[in-house]
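Engineer: When you get a sec, could you give me coordinates for this:
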Amino acid sequence: MSVLDGVRGPRDLRRLTAAQTAQLAQEIRAFLVETISRTGGHLGPNLGVVELTIAIHRVFDSPRDRILFDTGHQSYVHKLLTGRQSGFERLRQRDGLSGYPSRAESDHDVIENSHASTALSYADGLAKAYALRGDRGRRIVAVVGDGALTGGMAWEALNNLAGGQRRVIIVVNDNGRSYSTTVGGLAQHLNDLRTNPRYEQTLTAAKAALDQTPIVGRAMYRTMMAVKKGLKEALVPQMLFEDLGLKYIGPVDGHDVGAVERALRQAARVERPVIVHCLTRKGFGYPPAETDHVDNLHGPGPFDSATGRPVAAPATTWTSVFRDELVAIGRERPEVVAVTAAMLHSTGLDAFAQAYPGRVFDVGIAEQHAVTSAAGLAMGGMHPVVALYATFLNRALDQLLLDVALHGCAVTFVLDRAGVTGDDGPSHNGVWDLSFLQAVPGLRVAAPRDGARLRELLREAIEVKDGPTVVRFPKGAVPADLAAVDRTGSIDVLYRAGDRDVLIVAVGAMAGAAVAAAQQLSAHGLGATVVDPRWVKPVPAEIAALAGNYRLVVTVEDNVRAGGAGSAVAQALRDAGVDTPLRDLGIPPRFLQHGKRQEILAEAGLTPEGIAGAVTAVLSPGPGQRAALPLRA
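Structural biologist: Numbers count the residues shown, from 1 in each chain. Sure, this is the predicted structure:
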């Protein structure tokens, strides 16, 4: 039996010898590569934290000691060490293991919000709660990626943690920068010294004694502290943390289990927050991932485990259409610049950065700063295109509302992964943007239905000079272009057949399903028209003008129904005095579990069959059911 097969929980790790621990690390890497090559998932980040995670579970007693991951995509090794090896064959699949920590899966998982820069705030609150309850024996370990420390929220938390005497160990998983490692016996001795309780007691006693010696004593103490600080800064980097009042240990080789264990045991002795700085390599131990400089193996789909290459040819995606069109726009318009928050490749800005390197600004995991900085760029005469995942714009709503919209700044927001994203679970579904964006005055929102409309609407958005615009699109392969049969004002008519029974207003990528539903309705004797408003905020006046001629209006969107595009259309009809009944189809107001996009859409009734069924339930009810509306003669 392999070492990994014998690990059913963290306690099994503590009986392993050094040789067995090293073998376990090798087995975990092989397991991750083989499994993720079939299921897809976050590979590179997890290969980099194998020894680090083993050491944490050997030193601390989870779940009594609470281990928090920021972000959660580096938690696969943690899952393996807490009894979930058998579930990995269904990783990120419907009813299978989540790709992030999940409280429903295990008591060892504490937080499942996968948005970065949050764990330290959770840790601060947990530590305060345990102190208030008198539960002082529990430790809190927050594993924070170096990228997460680019987020302002992390520094707000550090500022609060530094002011307390609570037992929080902050493990910085640093795989993004090159620091000079402090090595040798002297460095180890300094770490031992600084984390020994007698160290602080001795310094306190020395200060008290020297303070009793007027003038000379205080000067001597200041000199002693200056020499101490200078020695530490010469030998150990990142003294910024100690300047904040946080103990600092490191840097430590994050791929040396023994070294990490020693650092963690030192940290565990301290009755105040401690930083343990671990240097790791993303993708460590798997050459294709180690040499992956464009993050192809950060979160890949299925791939060939021998080569690291995808098993299928890459499809043309929404992101790639945007990537190419923005480069073309940048060539024509020198005032166009791009802004993102640590998502350069993921949002398709890498090609723009290569073509126009001085016109791209990656601000790190700092969405709030990205948005307000974009307002400044607009005020200075540029036209910024801010590319974010739709779910991450949630974090910068205040900045969008009061820093951009209030000032009428011409900023274009491109929201990738809008709507249901699927595999990455509840925190990554971009199903709230159409709801909260409705409340932003002066904002225009476009939802392209295909690649041609994405190119067209992106250009229209950048032409707007008097306020912000949004262009949103989903994750995955872009569908075949769906041509309009007619255009009424600014809206496209995609399908028209039979009498005027139902007007279906399709939002963005839901157009294909809406047209297929209309075809089914026509086959059953109900006349249907499908329109794509293209710009869904504000609602085009043509929608109300058309709606008055139909018996029923149905809106279809992959956004939550509460306050979404359907609600906006209903309000527009009321404002125009149109009393045609409306049914709004969308995502229910709840957090969606992981699964394929089509599975989740089907569950919400957002398939051709579901849409057609919702219409016929109103216009042509089955035997024994009463019609909700008068039947067509």
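
Engineer: contacts, neighbours, all on C-alpha from now
Structural biologist: Fine.

Engineer: Not counting its neighbours along the chain, what's nearest residue 326?
Structural biologist: In space, and not counting its chain neighbours, residue 326 is closest to residue 352: 6.9 Å by Cα to Cα, 6 or more residues apart in numbering.

Engineer: The one you found: what's it in contact with?
Structural biologist: By Cα atoms under 8 Å, 6 or more residues apart in numbering, residue 352 lies in contact with 323, 326-327, 330, 338, 360.

Engineer: Is it correct that it falls within a helix?
Structural biologist: Yes - residue state for residue 352 (DSSP: H, G, I helix; E, B strand; the rest coil) corresponds to a helix.

Engineer: From residue 255, how far off is the nearest residue to residue 393 once chain neighbours are set aside?
Structural biologist: Closest residue in space to residue 393, ignoring its immediate chain neighbours: residue 367 at 7.0 Å, by Cα to Cα, 6+ apart. Going from residue 367 to residue 255 by Cα to Cα, to the nearest Å gives 32 Å.

Engineer: same check, this time on residue 68
Structural biologist: Residue 68 sits 20 Å away from residue 255, taking Cα to Cα as the criterion.

Engineer: Equivalent analysis for residue 433, please.
Structural biologist: In terms of Cα to Cα, residue 433 sits 41 Å off from residue 255.

Engineer: Let me see the contact set for residue 480.
Structural biologist: 450-451.

Engineer: do the same with residue 478
Structural biologist: Contacts for residue 478 (Cα under 8 Å, 6+ apart) come out as 316-318, 450-451.

Engineer: if we can go back for a sec, next, count neighbours for the residue nearest to residue 393.
Structural biologist: 25 (other Cα atoms under 10 Å).

Engineer: can I assume residue 599 sits in a helix?
Structural biologist: Yes - counting by three-state DSSP, residue 599 is part of a helix.

Engineer: Paired strands for the longest strand seen in the chain, with orientation please.
Structural biologist: Counting residues, the longest strand in the chain under DSSP state E turns out to be strand 552-560. Neighbouring strands of strand 552-560 in its sheet, by DSSP bridges, are strand 502-506 (parallel), strand 582-587 (parallel).

Engineer: got a list of contacts for that strand?
Structural biologist: 419-420, 430-435, 501-508, 510, 514, 547, 565-566, 569, 580-589, 601, 606, 611, 615.

Engineer: Provide a list of residues in contact with the residue most central in space within the chain.
Structural biologist: Centroid-nearest residue in the chain: residue 115, 4.6 Å away (criterion: Cα atoms, centre = their mean). When contacts are counted by Cα under 8 Å, 6+ apart, residue 115 touches 70-71, 392, 427.

Engineer: follow-up on the earlier one: out of the strands paired with strand 552-560, which is closest to residue 40?
Structural biologist: Minimum separation from residue 40 across those (Cα to Cα) falls at strand 582-587, 25.6 Å.

Engineer: Dump that closest one to PDB, restricted to CA.
Structural biologist: Provided in PDB are the C-alpha atoms of strand 582-587 (Å, rounded to 0.1, in the frame of the first residue of the first chain):
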ATOM      1  CA  LEU A 582     -44.600  39.200 -18.200                       C
ATOM      2  CA  ARG A 583     -42.800  36.100 -17.000                       C
ATOM      3  CA  ASP A 584     -39.100  36.500 -16.100                       C
ATOM      4  CA  LEU A 585     -37.000  33.400 -16.400                       C
ATOM      5  CA  GLY A 586     -33.600  33.400 -14.800                       C
ATOM      6  CA  ILE A 587     -31.500  32.000 -12.000                       C
END
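
Engineer: residues making contact with that strand?
Structural biologist: Contacts for strand 582-587 (Cα under 8 Å, 6+ apart): 431, 552-561, 566-567, 570, 601, 604-606, 611.

Engineer: Please convert the buried members of those into ChimeraX selection syntax.
Structural biologist: One line in ChimeraX is enough to select the buried ones among the contacts of strand 582-587; burial here means 16 or more other Cα atoms under 10 Å:
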select :431,552,553,554,555,556,557,558,559,560,561,566,567,570,601,604,605,606,611
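
Engineer: Touching stretch 58-69 from outside, list them.
Structural biologist: Contacts of stretch 58-69 (Cα under 8 Å, 6+ apart): 10-11, 13-14, 75, 101, 107-111, 119, 123, 138-144, 261, 264-265.

Engineer: ok, of these, which come out buried?
Structural biologist: 10-11, 13, 75, 101, 108-111, 119, 123, 138-144, 261, 264.

Engineer: Mind checking which of the residues you listed land in strands?
Structural biologist: Going by DSSP E, the strands hold 140-144 from those.

Engineer: For residue 496, give me its contacts.
Structural biologist: Shown in contact with residue 496 (Cα under 8 Å, 6+ apart): 527-530.

Engineer: again, only using 6 Å
Structural biologist: Shown in contact with residue 496 (Cα atoms under 6 Å, 6 or more residues apart in numbering): 528-529.

Engineer: for it, phi and psi?
Structural biologist: phi -150, psi 120 (degrees, to the nearest 10).

Engineer: likewise residue 591?
Structural biologist: Dihedral pair for residue 591: phi -80, psi 130, per degrees, to the nearest 10.

Engineer: Per-residue pLDDT of it, please?
Structural biologist: If you check residue 591, the pLDDT there is 89.

Engineer: what do you get for residue 228?
Structural biologist: Note for residue 228: predicted pLDDT of 48.

Engineer: sorry, back to before: ok, residue 68 and residue 255, which is more surrounded?
Structural biologist: Using other Cα under 10 Å, the more surrounded residue of residue 68 and residue 255 is residue 68, with 26 against 23.

Engineer: Kindly confirm my reading that the more buried one forms part of a strand.
Structural biologist: Yes - counting by three-state DSSP, residue 68 is part of a strand.

Engineer: residue ranges of the helices in the stretch 151-300 of the chain, please?
Structural biologist: 152-162, 185-194, 197-211, 216-235, 240-243, 257-268, 287-290 (DSSP state H, counting those that start in this stretch).

Engineer: Buried residues in the last one, which are they?
Structural biologist: I take that to be helix 287-290. Result for helix 287-290 [16+ other Cα under 10 Å]: buried residues 288-290.

Engineer: Likewise for stretch 607-621?
Structural biologist: 607-616, 618-621.

Engineer: Quick one: those as a markdown table, columns for distance to residue 441, pLDDT and secondary structure too.
Structural biologist: Shown next, in a markdown table, are the buried residues of stretch 607-621 (distance: Cα to Cα, whole Å; pLDDT from 0 to 100; DSSP: H, G, I helix; E, B strand; the rest coil):
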| residue | distance to residue 441 | pLDDT | secondary structure |
| --- | --- | --- | --- |
| 607 | 32 | 97 | coil |
| 608 | 34 | 97 | helix |
| 609 | 36 | 97 | helix |
| 610 | 34 | 97 | helix |
| 611 | 31 | 97 | helix |
| 612 | 34 | 97 | helix |
| 613 | 36 | 96 | helix |
| 614 | 33 | 96 | helix |
| 615 | 33 | 97 | helix |
| 616 | 37 | 95 | helix |
| 618 | 35 | 94 | helix |
| 619 | 36 | 92 | helix |
| 620 | 40 | 82 | coil |
| 621 | 41 | 67 | coil |
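
Engineer: Nearest to residue 26 among those residues?
Structural biologist: Using Cα to Cα, the buried residues of stretch 607-621 come closest to residue 26 at residue 607, 44.6 Å.

Engineer: list the contacts for that closest one?
Structural biologist: Residues near residue 607 by Cα under 6 Å, 6+ apart: residue 513.

Engineer: Residue 418 contacts residue 390, correct?
Structural biologist: Yes - if you go by Cα atoms under 6 Å, residue 418 and residue 390 touch, sitting 5.0 Å apart.
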